[in-house]
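>>> Sequence plus the predicted model coming up.
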Amino acid sequence: MLFEATFKALGDPTRRRILELLRRGEMSAGELGAQFDATGATISHHLSVLKAAGLVSDEKRGKYIYYSLDTSVMEDIFAWLAGLCGPQQAGTGAAPKGGAQQKAPSAPARGQAAGAGGGASGPRQNRGKHAAGQSEK
C-alpha cells in the first residue's frame, strides 16, 4: 500500500514545506534548494522521498529538473479517510441509537491558528499515475 510511504514522507517538516512551496507552482530543484539552509544533496533526498511517495512529479528540461505537486495520492487518502468517517454499518454498535452522534470540537493543529488556510479546497494540481481508482501498491 502506498499510503505508508506517503504518511512517512509527510512526517518530515522539510518535506511538508517543499509541498507548500510547490502548491504555488512548479519549481526547479535549485529554486527549491535556495529556500532552505540545507545542502543540495539533502534537498535531493527529500525530493526523492516525495517522488517515491507519489506526492511530487518531476520533468527534466535541458539540464534542470522541475518538480510539481501531484495531489492524486492525497485525494485517494482523503477518500479513504472519508470512508472511515462516514456512516457506520448497521450492527457495528459504534453510533448511539435514536440520535446523531456528537463530536467534540477539534483543536487547531499545533503551530496553526484556528481557521488558518491549507486544506483541500485549493485548485487541483497535476494528476499523475496515482489517480483515484488505481491500485495503491
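Nice, thanks for sending it over. Numbers count the residues shown, from 1 in each chain.

>>> Mind jotting down where the helices sit in the protein?
For the chain, the helices defined by DSSP state H cover 3-10, 13-23, 29-33, 40-52, 72-85.

>>> For those, give me a markdown table that also has distance to Y64 and mean neighbour count.
C-betas here are computed from N, CA, C, even on glycine. As requested, these are arranged in a markdown table below (distance: least, C-beta to C-beta, whole Å; neighbours: other C-beta atoms under 10 Å):
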| stretch | distance to Y64 | mean neighbour count |
| --- | --- | --- |
| helix 3-10 | 23 | 16 |
| helix 13-23 | 15 | 16 |
| helix 29-33 | 7 | 17 |
| helix 40-52 | 13 | 16 |
| helix 72-85 | 24 | 14 |
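
>>> quick one: which of the ones you listed is nearest K60?
helix 29-33 (10.3 Å; C-beta to C-beta).

>>> Mind giving me the packing neighbours of the closest one?
On a contact count with 3 or more C-beta pairs under 8 Å, 6 or more residues apart in numbering; DSSP states H and E, helix 29-33 meets helix 13-23, helix 40-52, strand 64-69.

>>> now those in JSON lines, with distance to P87 and mean pLDDT?
Converted to JSON lines, these look like this (distance: least, C-beta to C-beta, whole Å; pLDDT from 0 to 100):
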{"stretch": "helix 13-23", "distance to P87": "31", "mean pLDDT": "98"}
{"stretch": "helix 40-52", "distance to P87": "34", "mean pLDDT": "96"}
{"stretch": "strand 64-69", "distance to P87": "32", "mean pLDDT": "96"}
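
>>> Relative to L81, which of those is closest?
Between L81 and those, the shortest gap by C-beta to C-beta is with helix 13-23, which sits at 17.7 Å.

>>> what angle sits between that closest one and strand 64-69?
90 degrees (axes from the mean of the first three to the mean of the last three C-alpha atoms, to 10 degrees).

>>> just the angle between helix 13-23 and helix 3-10, please?
90 degrees.
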